[in-house]
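1. Quick check, what structure comes out for this input:
(chains A and B)
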Protein chains: 2
Amino acid sequence: MSVIEDLRAALGPGAVLTGADAAPFSHDWTGAYAWQPVCVARPSSTAEVSAVMKIATETRTPVVPVGGNTGLAGGTAGDGSIMLSLDRMTAIREIRPEARLAVVEAGVILSQLHEAADAHDLVFPLTFGAKGSARVGGFLSTNAGGSNVLRYGNTRDLVLGIEAVLADGRVMNLMSALHKDNSGLNLKHLLIGAEGTLGVITGAVLKLVPKPRAYATAMVGVASLDDALALLNRLQEATGGAVEACEYMSQPYLDEVARRFPELRQPFAEPQPVSVMIELGATAPRDATPGPDGQVPIVGLLEDILSGMMAAGQVLDAVVAQTEAQRREIWRRRELAGEVTVSRPPLVNNDVALALDKVAPFLSRMETRLARIDPQAQPMVVSHLGDGNVHYVVWPSSGDPVLIDTIMEAVEDEVLALGGSFSAEHGIGLTKKPSMARRKDPVALDAMRAIKAALDPLGILNPGKVLPETAG
Amino acid sequence: MSVIEDLRAALGPGAVLTGADAAPFSHDWTGAYAWQPVCVARPSSTAEVSAVMKIATETRTPVVPVGGNTGLAGGTAGDGSIMLSLDRMTAIREIRPEARLAVVEAGVILSQLHEAADAHDLVFPLTFGAKGSARVGGFLSTNAGGSNVLRYGNTRDLVLGIEAVLADGRVMNLMSALHKDNSGLNLKHLLIGAEGTLGVITGAVLKLVPKPRAYATAMVGVASLDDALALLNRLQEATGGAVEACEYMSQPYLDEVARRFPELRQPFAEPQPVSVMIELGATAPRDATPGPDGQVPIVGLLEDILSGMMAAGQVLDAVVAQTEAQRREIWRRRELAGEVTVSRPPLVNNDVALALDKVAPFLSRMETRLARIDPQAQPMVVSHLGDGNVHYVVWPSSGDPVLIDTIMEAVEDEVLALGGSFSAEHGIGLTKKPSMARRKDPVALDAMRAIKAALDPLGILNPGKVLPETAG
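-> Numbers count the residues shown, from 1 in each chain, chains lettered A, B, ... in the order given. Purely as a prediction, here's the structure:
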């Protein structure tokens, strides 16, 4: 039998897509990659994922696990592969409010999880633009970041346990619901962020946190990134670390949003030198319960600090959301970043991490350097400033691969000179493999290759991703 | 040349100890293990650690990395091995207060790090009884827990980057100082908690957190563990998650402390059914700045809540520390647990994790079960209750290994029936290898063995620890 016939026998004929039905799984949403898969397998259970992997092992067929297919680094490109889609495994098996955890299948969509947690006055504190499509298995496999990392950490910090199917089809049960569980090598953290190269994540136990009782959200205009950091530090100090988000949006980004989404106005009457979005979350009742004047204390605190800093010239303008609708508008302006970024190919999409005080020097150095490499190039910056995570997008003057790689290398040079990382939250996939080869510690690369070979000796799990081939 | 001569040539003659000089590295502090090492090698730099590993590789000599030798699971037993002590690598290379991080060598002692951070009004929020001896490389290699995990996480949550020397002597540089750094498989988390079986951790970048501006610390007597949990939840809710520690000390433990350390009185005038230590930490100025009456708001909040719960019969007695000396006394009573535990061999030392609401059922089931197995056995419980982490110590009626293993198996049975883990924060070492063999997912065990073989093909790094031998 052929692989497709084997898979149909194991999963049922409707669960294996080919031809036109497989088209949605034959390209990534950024438009950068297109490929020809063998078929799309849509298992409905861990046992069926296991069956797929056993067939793949027997037939030596590559397997590319795919969640919402919203990745930004080409991690789901699957020429000649079985696309293993988790989109039928969408059960939220359990929410245990007292233990503050959710037990989920890997195909659950992030926004579905948000809603389920909200029904218990809890939050799964991971959020990013693609939340309406991204699935658990995908955001665990890339260790996604987003806009609340400042307060709650990256995806891996929100995972208590996982279940995964290994290359040979065996199921590994690490579904701990415990906050302390030291029993041997930490395979959970190894699978998280492995982009499907070591196993297929099929389920997870995720942490939930208490829903803030009130938010205070604002767009703030300041003179410089240094002033933005001073504002962040001031707010962290005054609130004891209640800042949930601190996001920088450059003027070219705000202009592009306003142009493409006219219903979202510019945040300020006049463009500001530096525009940042700030959100505080109040979990203690005394910070969230309105006073006799109807004022929510955490909102009052934010307004007082902003007024004081404005009087001192440290803040130029500020708009504090007065309603939930205004708050949603501020968030939506930020969450469109992915969509805006990919709207104008060709592009150089960077996802770098720096110490917080190195973001401004990085941007200033790149301004000089980019002008020398490609005077017509247009940079557009969006940044999780509170994490030092910068999406340094460049629309170059042409799609010439050499030009694109030259820009990428320049970014890497400046980032590494400033002690940063070429990859913060989007993963490596295909896009960042040249950066891995050039910049990652070679001993670490060798260790990764040894682990990959040990757990996937046939090399069938998402082959060609993450790990650059050895030289020679 | 012999191994010892090779090492002397590489490190200098004074850096290699043998005979009586090696005696402190020939047994563990619990008294449970003694062994005969080849020698003790005391490298002073990463390059010298690398030299040791190269000699070990060439001569196929096992190497046991050792920090403060304060482990509780026999992880440093090293018959026929080079004991690789990190005790000369004690440099705190850098503290960067703005970035809230410390760059340290692996031999730095925990309390030395506490003092260095304190000088910058920062805290390295990991603490446990052995803090005056335990070293960075050791507590990273065991992913130690302790009394502040509730608020700040386990050791691994406090580590930004590591440097490690692999079995063949190559140095792996993962010294990231970044909060987001996704560049390939997460080797950092794999090395943390690996108990020296995959590499020797030689340096680390550690997170620091703002020092709370004020603490509110109390010993509280309640009627039951359920009431203790209700108190914890009430305090978390009122403070928005400011509980730093919630520690249960059983009466047998308090009696033993009072007997051996008479200067530490019993916490209450009358023994309480359940005694817990509670500490709140205030980071926001408005919670920490004394009011016109001199009252610190966070202390006032704790006293108000305790009074209210006492009036409602939910709290039986409470003593709130009024001075730093009183606070230190409360902490010291808890921190003596390790010392008290090992003072009366033989013992069965358990370190289990449970969901918070399963601690009481576990203890009650064990009471029945232990009485059947060994009517003369004396259990003594100390627990990081806020993490569901229970140190269920048993002083059995004899040191018969079969009896000890029968008690251990009974504990495992009850823990697993309640969805818990047989290992929370002390690691596996030698002591918990039978539990690993019996209880850990077999697919996970195989994956761990494959990784071990891939990174240490000669099996020279802390051999025989953590991973049970395959059956047959």
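2. Only C-alpha atoms from now on, for both contacts and neighbour counts.
-> Noted.
3. what's the closest residue to residue A:432 other than its chain neighbours in contact with, if anything?
-> Of all residues not flanking residue A:432 in the chain, residue A:73 sits nearest, at 6.9 Å (C-alpha to C-alpha, 6 or more residues apart in numbering or on different chains). Listed by C-alpha atoms under 8 Å, 6 or more residues apart in numbering or on different chains, the contact set of residue A:73 reads A:426, A:427, A:428, A:429, A:430, A:431, A:432.
4. which of these sit farthest apart?
-> A:426 and A:430 (11.3 Å; C-alpha to C-alpha).
5. Compare these two (neighbour count), which wins?
-> The neighbour comparison of residue A:426 against residue A:430 (other C-alpha atoms under 10 Å in any protein chain shown) goes to residue A:426, with 26 against 19.
6. can you tell me which residues contact that one?
-> Contacts of residue A:426 by C-alpha under 8 Å, 6+ apart are A:71, A:72, A:73, A:142, A:143, A:144, A:145, A:351, B:182.
7. swap the cut-off to 7 Å and go again
-> A:72, A:73, A:142, A:144, A:351 (C-alpha atoms under 7 Å, 6 or more residues apart in numbering or on different chains).
8. same thing with residue A:348?
-> Applying C-alpha under 7 Å, 6+ apart, we find residue A:348 in contact with A:393, A:394, A:395, A:404.
9. Where strands are concerned, which of those count?
-> Judged by DSSP state E, the subset of those located in strands is A:393, A:394, A:395.
10. touching chain B at all, the longest helix anywhere in chain A?
-> Identified as the longest helix of chain A according to DSSP state H is helix A:401-417. No - contact of helix A:401-417 with chain B (C-alpha under 7 Å from any C-alpha of the partner chain) is absent, the minimum separation being 10.9 Å.
11. now that helix, how far from the centre of its chain.
-> 22 Å (C-alpha atoms, centre = their mean, to the nearest Å).
12. how about the helix or strand following that helix: buried residues?
-> Going down the chain from helix A:401-417, the next helix or strand is helix A:433-439, by DSSP states H and E. Using 16 or more other C-alpha atoms under 10 Å in any protein chain shown as the test for burial, helix A:433-439 gives A:433, A:434, A:435, A:436, A:437, A:439.
13. What is the subsequent helix or strand relative to helix A:433-439?
-> helix A:442-455.
14. what separates that following helix from the chain centre, distance-wise?
-> That offset, for helix A:442-455, works out to 24 Å (C-alpha atoms, centre = their mean).
15. who touches it?
-> So helix A:442-455 is contacted by A:198, B:170, B:171, B:172, B:185, B:447, B:450, B:451, B:454, B:455 (C-alpha under 7 Å, 6+ apart).
16. Include pLDDT when you put the contacts of residue A:73 into a markdown table, please.
-> Compiled in a markdown table, the contacts of residue A:73 are given as follows (pLDDT from 0 to 100):
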| residue | pLDDT |
| --- | --- |
| A:426 | 93 |
| A:427 | 94 |
| A:428 | 97 |
| A:429 | 97 |
| A:430 | 96 |
| A:431 | 93 |
| A:432 | 95 |
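17. Tabulate these in a markdown table, adding columns for distance to residue A:60.
-> Output for the contacts of residue A:73, formatted as a markdown table (distance: C-alpha to C-alpha, whole Å):
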| residue | distance to residue A:60 |
| --- | --- |
| A:426 | 29 |
| A:427 | 26 |
| A:428 | 24 |
| A:429 | 21 |
| A:430 | 21 |
| A:431 | 25 |
| A:432 | 26 |
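18. Identify the residues contacting residue A:168.
-> So residue A:168 contacts A:53, A:54, A:57 (C-alpha under 7 Å, 6+ apart).
19. Residue of the stretch 51-200 of chain A closest to chain B, please.
-> Closest to chain B within the stretch 51-200 of chain A is residue A:181: 4.5 Å, counting by C-alpha to the nearest C-alpha.
20. Give the burial count for that residue, as a bare number.
-> Neighbour tally, residue A:181, other C-alpha under 10 Å: 27.
21. Could you pull up phi and psi at the residue of chain A most remote from its centre?
-> The centre of chain A is farthest from one residue, residue A:292, which by C-alpha atoms, centre = their mean lies 41.2 Å away. Main-chain dihedrals, residue A:292, degrees, to the nearest 10: phi -60, psi -30.
22. Quick check: it vs residue A:433, distance?
-> According to C-alpha to C-alpha, to the nearest Å, residue A:292 and residue A:433 sit 58 Å apart.
23. With adjacent residues omitted, what lies nearest to the residue of the stretch 51-200 of chain A closest to chain B?
-> With sequence-adjacent residues excluded and distances taken as C-alpha to C-alpha, 6+ apart, residue A:181 is closest to residue B:424, at 4.5 Å.
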